[in-house]
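# only geometry, no sequence info:
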Ligand SMILES: Cc1cc2nc3c(=O)[nH]c(=O)nc-3n(C[C@H](O)[C@H](O)[C@H](O)COP(=O)(O)OP(=O)(O)OC[C@H]3O[C@@H](n4cnc5c(N)ncnc54)[C@H](O)[C@@H]3O)c2cc1C
């Protein structure tokens, strides 16, 4: 059986950047286990591609995500310049529709400052000033942030895989983790009946990370749901109706993934979306039910588990009845966007964009977990609920994780740093 010092489960943007950092700092036997044939085949490529500035993240409750996003901006920019990866400065308007949402925007301005967004990169504008920049936008007020970029996170992940491999990391593709047995070392069993062993495991399995943690006996009282976010591409003729990316203040603060955006993509297209179609697995990209066994087991988990408790939450019920189910149709989605771009019509959108799946975790009390959750035992570390703006923050967040692994004794080896694209010490102080 092949033995490793570090086994990272999941070759998305998170697992790959963690492998990059560890292989840059140490001479260890590291592997990244990925069930697909390449890195970034799921959320890390199937996302909106926006490098977010964290003015909308509460610095008290989302401190790490906000810090990671702010630090990662320059890191990605440097890599994009270095490797010729698209880096398109689109700017963003975050708009509100009434006085109440204007108050949220005022708070976002304060959060932006506390999160370290440079002075002058954020401005709170009245509707008439927004119309000067974007005549087709209708709103009460909005924040303009010029530090918002569209890019290709899949290409970033592929570049970091190459760098990590140069440092000696082995990428084990086509290996689906089936079972984990933990003694002094961990034995990882794949569904092709092969196995490896590793001194430690780092779980970065995205939409399956809760399942992997539960295989290690952790978070057994948590559950998750999977929502497919669908997008529609504006026909070329209407693509420049609005030239800036537009987000709206979340109407349902506990469920911010439901508010529609107008996104200026790196490839020049404009898209609207997402909605949130409940699906049984983190990979059901079309249809509703996936394979029968997965659907039935998810259904059983819902009716017996925490997800059912969601229905005791009045905000959730109101959302389901008023917004959610109707948002599944294209016409309903466009109607929601018409609230801020009145000129658009369903017939301006003839092609679907790439769908991606969000997998929010539900707490034992039946609430959506709002932040990333890190869990550990003696030889495994798990990163769960790593949602948006996870791709933005990945290079800094992964360095912060590696620093924690050092401090907790998971990486008790002599540091032998190799040449690196970014400086670990400056990011993790
Ligand atoms: C629709 C959508 C839009 C988004 N837009 C943005 C955005 O604009 N900006 C932003 O910053 N963030 C955005 N995000 C969030 C961002 O994409 C994610 O936070 C990030 O990609 C998560 O990366 P990951 O590596 O944790 O997960 P993933 O990319 O999902 O990687 C996990 C990997 O683990 C593998 N895996 C799972 N189970 C197993 C197993 N049992 N055995 C082996 N391998 C396994 C999977 O195949 C997968 O490759 C968006 C997300 C979605 C869904």
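Thanks, I have it. As the structure is a computational prediction, the values presented were derived from the model and not from experiment.

# run a quick neighbour tally on the closest residue to residue 232 other than its chain neighbours.
Nearest in space to residue 232, with sequence neighbours left out and distances taken as Cβ to Cβ, 6 or more residues apart in numbering, is residue 349 at 3.9 Å. Quick note: C-beta positions are derived from backbone N, CA and C, even for glycine. Counted by other Cβ atoms under 10 Å, the residues lying close to residue 349 total 23.

# now residue 287
Residue 287: 9 surrounding residues under other Cβ under 10 Å.

# so it, which state does it fall into?
Classification of residue 287 by DSSP: H, G, I helix; E, B strand; the rest coil places it in coil.

# quick one: contacts for it?
Counting by Cβ atoms under 8 Å, 6 or more residues apart in numbering, residue 287 touches no other residue.

# so what's the closest residue to the ligand within the stretch 201-350 of the chain up against?
Residue nearest to the ligand within the stretch 201-350 of the chain (Cβ to the nearest ligand atom): residue 206, separated by 2.4 Å. Residues counted as contacts of residue 206 (Cβ under 8 Å, 6+ apart) are 10, 12, 14, 42, 43, 44, 282, 359, 386.

# quick one: the strands in the stretch 201-350 of the chain?
223-224, 226-229, 232-233, 245-248, 261-264, 270-273, 277-279 (DSSP state E, counting those that start in this stretch).

# give the contact list for the closest residue to the ligand within the stretch 51-200 of the chain.
Residue of the stretch 51-200 of the chain nearest the ligand, by Cβ to the nearest ligand atom: residue 177 (3.8 Å). Contact partners of residue 177, counting by Cβ under 8 Å, 6+ apart, are 9, 33, 35, 188, 189, 190, 205, 212, 215.

# still on that earlier bit, distance of the residue of the stretch 201-350 of the chain closest to the ligand from residue 51?
Noted for residue 206: a distance of 19 Å to residue 51, by Cβ to Cβ, to the nearest Å.

# need the phi and psi values for the closest residue to the ligand within the stretch 301-429 of the chain.
Among the residues of the stretch 301-429 of the chain, residue 390 lies closest to the ligand, at 2.2 Å counting by Cβ to the nearest ligand atom. Note on residue 390: its backbone torsions stand at phi -60, psi -40 [degrees, to the nearest 10].

# count of residues packed around it?
Neighbourhood size, residue 390 [other Cβ under 10 Å]: 23.

# likewise residue 76?
Around residue 76 there are 23 residues (other Cβ under 10 Å).

# and it, what does it touch?
Counting by Cβ under 8 Å, 6+ apart, residue 76 touches 51, 87, 149, 151, 156, 392, 395.

# shouldn't residue 427 be within a helix?
Yes. Counting by three-state DSSP, residue 427 is found in a helix.

# can you check the pLDDT for it?
Residue 427 is assigned 93 on the pLDDT scale.

# which one is it nearest to, not counting chain neighbours?
Leaving aside its sequence neighbours, residue 427 sits nearest to residue 399 (Cβ to Cβ, 6+ apart; 4.5 Å).

# and the pLDDT at the one you found?
98.

# that one sits in which helix or strand?
helix 390-407 (DSSP states H and E).

# quick one: list the elements packing against that helix.
On a contact count with 3 or more Cβ pairs under 8 Å, 6 or more residues apart in numbering; DSSP states H and E, helix 390-407 meets helix 13-25, helix 63-83, strand 195-203, strand 380-384, helix 424-428.

# for the host helix or strand of residue 111, name the packing helices and strands.
Residue 111 belongs to helix 99-114 when assigned by DSSP H and E. For helix 99-114, the elements it packs on are strand 92-96, strand 122-126, strand 141-145, judged by 3+ Cβ pairs under 8 Å, 6+ apart.

# those: which one's closest to residue 416?
Nearest to residue 416, of all the helices and strands packed on helix 99-114, is strand 141-145, at 40.4 Å by Cβ to Cβ.

# within the sheet, what are the partner strands of that closest one, with directions?
Partners of strand 141-145 in the sheet, by DSSP bridges, are strand 92-96 (antiparallel), strand 122-126 (antiparallel).

# could you say which of those strands is packed most deeply?
Greatest average neighbour count among these goes to strand 92-96 (a mean of 26), per mean count of other Cβ atoms under 10 Å.

# and it with helix 99-114, angle?
Interaxial angle of strand 92-96 relative to helix 99-114 (axes from the mean of the first three to the mean of the last three Cα atoms, to 10 degrees): 140 degrees.

# how far is strand 92-96 from where the chain is centred?
20 Å (Cα atoms, centre = their mean, to the nearest Å).

# which bits of this protein sit near the ligand?
Residues of the chain lying near the ligand by Cβ under 6 Å from any ligand atom: 9-15, 33-36, 41-44, 47-50, 52, 176-177, 204-208, 229, 274, 356-358, 386-392.

# please redo it, this time with the cut-off set to 5 Å
Counting by Cβ under 5 Å from any ligand atom, the chain comes close to the ligand at 10, 12-14, 35-36, 42-44, 47-48, 50, 176-177, 205-206, 208, 229, 356, 358, 386, 388-392.

# which of those are buried, as a ChimeraX select command?
Those of the residues of the chain next to the ligand that count as buried under 16 or more other Cβ atoms under 10 Å are selected in ChimeraX with:
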select :10,12,13,14,35,42,43,44,47,48,50,177,205,206,208,229,356,358,386,388,389,390,391,392
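
# if we can go back for a sec, would a markdown table of the strands paired with strand 141-145 with mean pLDDT be doable?
Shown next, in a markdown table, are those (pLDDT from 0 to 100):
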| stretch | mean pLDDT |
| --- | --- |
| strand 92-96 | 98 |
| strand 122-126 | 97 |
